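Undergrad: When you get a sec, could you give me coordinates for this:
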Amino acid sequence: MKEKDSPSAVVFETNSPETALPSTEEDVQRHWQGVVKRRSFLKGLGIAGAALSAGALLAPEGAAETSSSTGKLSKGDIALLQFAAWAEIVESDLWVQYAELGGVGPSGGGAAQSSEEFQKFIGGNPAYNLALQNLDGDMPQYITDNTDDELSHAAFLKTFLKSRGVVPVDLEPFRKLPSSKATGARQIKRITNLMNLNVDLSWYTRYRSGKNPDLGEAFKGPFVIANQPAIPLNDTDTPPSTNPTVPITGRDAERIQAIANTAGFHFAFIEQGGASLYPTLAFKATDPTVLRILVSIGGVEIDHFGLWHDKGANAVAQPLAGVVDPVTGLTFPDLNNPATELTQTNKILPEPCDFISKDLPRCSVIRPTSTQNGGAVATVKAFTEDGLFIGQTDDFFDLAMDLAVAADSVKRGF
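TA: Below is the predicted model:
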């Protein structure tokens, strides 16, 4: 083993006998003690000659956080969490609508589902549920789980803010939009509108490209979804008795499958927004607990996006490719005919792209993560252009933009 110049890294040469994996716990301890004895930066810690675990090198969790992590939050950290709470309430509202119509619920999930934290949603529209399962047989369960996640995020952020003496954002006064009239939808007022969406598909080509919007690149989606419902509207337009069996034929089957396909792409659109938003907010956090919250919730949003990227792509691959909505004329093309680098449906992992500088090697990363492209104002703008807030009041947009500008204006405190 050779020591490198850096005092903070232990580097093993590939031809060193010490790189061989120890066969017993005693060998592990002896191997690690050899490393310790060679590192001058550990002198004086009082651990020489004693069995050493990795935890001995780390400060206790409480000591790793500053006193501010249990006291009052800065205005900047409050702004970051308030906008995150706004986004999670919005996401919760739309996911609840998807779950009511297409989720699994306690009646469909058996004993395992009965332990879920949120059990209000029974996937009550049979035709929509079947059409979603054409994208993936587990779609109802995934929808229910995603709904659970977003509701838990919103509830946690609300309670955390209150625990720090902050009045959390409240969107209940804006619960004014109508529900779907289709079987399965509760007749309550909503914050979001899923019945006339313009789904931005630029993320599809962006994540298959070696280019990065944070370095000035622009992207177009592989096709256009405009003025399209993502949930069934009513039982006349979308009869719940419809059986959308592949191959999809007949007016009613084509209509409900096109709506389910739109939902599949909308799921990915929503969650890729969160995948960019949370790291963008986290860069600005000062309090270590706030940073921990943003990074931890953001990781789940990234996980969601990876899931829905895969499922949405099934709508534009055989055997579903070619479905045409008989009402709007929207066609879901076969993006594998021909398959290209920017369209191939099974390329769902982020391709390495330009990052930080075009002079550096390409790197597989979440993008965008700049405030301009992935921040709070960009999120409000994207959700608005999506059609998610059609019918909302001026006061709703004023509040959303006030929260967004405050979050984007935060400067790092360290």
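Undergrad: Check the residue lying closest to residue 267 once chain neighbours are set aside and give its pLDDT.
TA: Nearest residue to residue 267, sequence neighbours excluded (CB to CB, 6 or more residues apart in numbering): residue 308, at 3.9 Å. For glycine as for every other residue, the C-beta is placed from the backbone atoms N, C-alpha and C. Note on residue 308: pLDDT of 95.
Undergrad: Residue numbering should commence at 40 henceforth.
TA: Got it, the first residue is 40 from now on, which makes the last one we talked about residue 347.
Undergrad: longest helix of the protein?
TA: Determined from DSSP state H, the single longest helix within the chain is helix 290-321.
Undergrad: Buried residues in that helix, which are they?
TA: 291-321 (16 or more other CB atoms under 10 Å).
Undergrad: after that helix, next one along is what?
TA: helix 327-352 (DSSP states H and E).
Undergrad: If you count contacts, what does that following helix end up packed against?
TA: helix 114-141, helix 178-202, helix 290-321 (3 or more CB pairs under 8 Å, 6 or more residues apart in numbering; DSSP states H and E).
Undergrad: What distance do you get for the spatially closest residue to residue 399 that is not a sequence neighbour to residue 231?
TA: Counting by CB to CB, 6+ apart, residue 399 lies nearest to residue 393, which is 7.8 Å off, once chain neighbours are set aside. According to CB to CB, to the nearest Å, residue 393 and residue 231 sit 34 Å apart.
Undergrad: Look up which helix or strand residue 439 falls in, please.
TA: Counting by DSSP H and E, residue 439 is found in helix 433-447.
Undergrad: State the mean pLDDT of that helix.
TA: 98.
Undergrad: in it, what's buried?
TA: Going by 16+ other CB under 10 Å, helix 433-447 has these buried residues: 435, 438, 439, 442, 443, 445, 446, 447.
Undergrad: Then stretch 124-139?
TA: So for stretch 124-139, counting by 16+ other CB under 10 Å, buried means 124-139.
Undergrad: Check these against residue 253 and report the nearest one.
TA: Of all those, residue 126 has the smallest distance to residue 253: 20.0 Å, by CB to CB.
Undergrad: Can you list the low-confidence ranges for the stretch 190-339 of the chain?
TA: Nowhere does the stretch 190-339 of the chain drop to pLDDT under 70.
Undergrad: The residue nearest in space to the middle of the chain - nearest residue in space that isn't next to it in sequence?
TA: By CA atoms, centre = their mean, the chain has its centre lying nearest to residue 340, at 2.3 Å. Nearest in space to residue 340, with sequence neighbours left out and distances taken as CB to CB, 6+ apart, is residue 313 at 3.3 Å.
Undergrad: From residue 178, how far off is the one you found?
TA: Distance from residue 313 to residue 178, by CB to CB: 19 Å.
Undergrad: sec struct for residue 266, please.
TA: The three-state assignment at residue 266 reads strand, by DSSP: H, G, I helix; E, B strand; the rest coil.
Undergrad: if I pick it, what's in contact with it?
TA: 235, 236, 237, 367, 426 (CB atoms under 8 Å, 6 or more residues apart in numbering).
Undergrad: again, only using 6 Å
TA: residue 235 (CB atoms under 6 Å, 6 or more residues apart in numbering).
Undergrad: how close does it get to residue 334?
TA: 37 Å.
Undergrad: Pretty sure residue 315 is one of the things the residue nearest to the centre of the chain touches, is it not?
TA: No - contact between residue 340 and residue 315 fails when scored by CB atoms under 6 Å: they sit 8.8 Å apart.
Undergrad: Please work out which residues outside stretch 332-346 touch it.
TA: Contacts of stretch 332-346 with the rest of the structure, by CB under 6 Å, 6+ apart, involve 185, 188, 192, 310, 311, 313, 314, 317, 318, 320, 321, 324.
Undergrad: try stretch 111-128
TA: With CB under 6 Å, 6+ apart as the criterion, stretch 111-128 contacts 189, 192-193, 196, 200, 203, 205, 207-208, 210, 320, 324-326, 329, 415, 442-443, 445-446, 449.
Undergrad: buried ones in that stretch?
TA: Those would be 112, 115-128, for stretch 111-128 by 16+ other CB under 10 Å.
Undergrad: which of those sit farthest apart?
TA: 115 and 128 (20.8 Å).
Undergrad: Near residue 338, how many other residues are there?
TA: 13 (other CB atoms under 10 Å).
Undergrad: Okay, it and residue 314: tell me how far apart.
TA: The value you get for residue 338 to residue 314, if CB to CB is used, is 9 Å.
Undergrad: and residue 378, what pLDDT?
TA: 92.
Undergrad: Give the burial count for it, as a bare number.
TA: Per other CB under 10 Å, the neighbour tally for residue 378 reads 14.
Undergrad: how far out from the middle of the chain is stretch 361-381?
TA: 25 Å (CA atoms, centre = their mean, to the nearest Å).
Undergrad: Dump it to PDB, keeping only the CA atoms.
TA: Taking Å, rounded to 0.1, in the frame of the first residue of the first chain, the C-alpha atoms of stretch 361-381 are listed here in PDB:
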ATOM      1  CA  GLY A 361     -50.500   3.100 -32.300                       C
ATOM      2  CA  VAL A 362     -53.500   3.800 -30.000                       C
ATOM      3  CA  VAL A 363     -55.400   6.900 -31.200                       C
ATOM      4  CA  ASP A 364     -57.800   8.800 -29.000                       C
ATOM      5  CA  PRO A 365     -61.100   8.900 -30.900                       C
ATOM      6  CA  VAL A 366     -62.100  12.200 -29.300                       C
ATOM      7  CA  THR A 367     -58.900  14.300 -29.400                       C
ATOM      8  CA  GLY A 368     -57.100  12.600 -32.300                       C
ATOM      9  CA  LEU A 369     -53.900  12.100 -30.100                       C
ATOM     10  CA  THR A 370     -51.800   9.300 -31.500                       C
ATOM     11  CA  PHE A 371     -49.300   7.400 -29.400                       C
ATOM     12  CA  PRO A 372     -46.600   6.500 -32.000                       C
ATOM     13  CA  ASP A 373     -44.200   3.600 -31.900                       C
ATOM     14  CA  LEU A 374     -41.000   5.200 -30.800                       C
ATOM     15  CA  ASN A 375     -39.100   2.000 -31.600                       C
ATOM     16  CA  ASN A 376     -39.900   2.300 -35.300                       C
ATOM     17  CA  PRO A 377     -37.200   3.100 -35.900                       C
ATOM     18  CA  ALA A 378     -35.500   3.100 -32.500                       C
ATOM     19  CA  THR A 379     -33.000   6.000 -32.100                       C
ATOM     20  CA  GLU A 380     -30.800   7.200 -29.300                       C
ATOM     21  CA  LEU A 381     -33.500   9.800 -28.400                       C
END
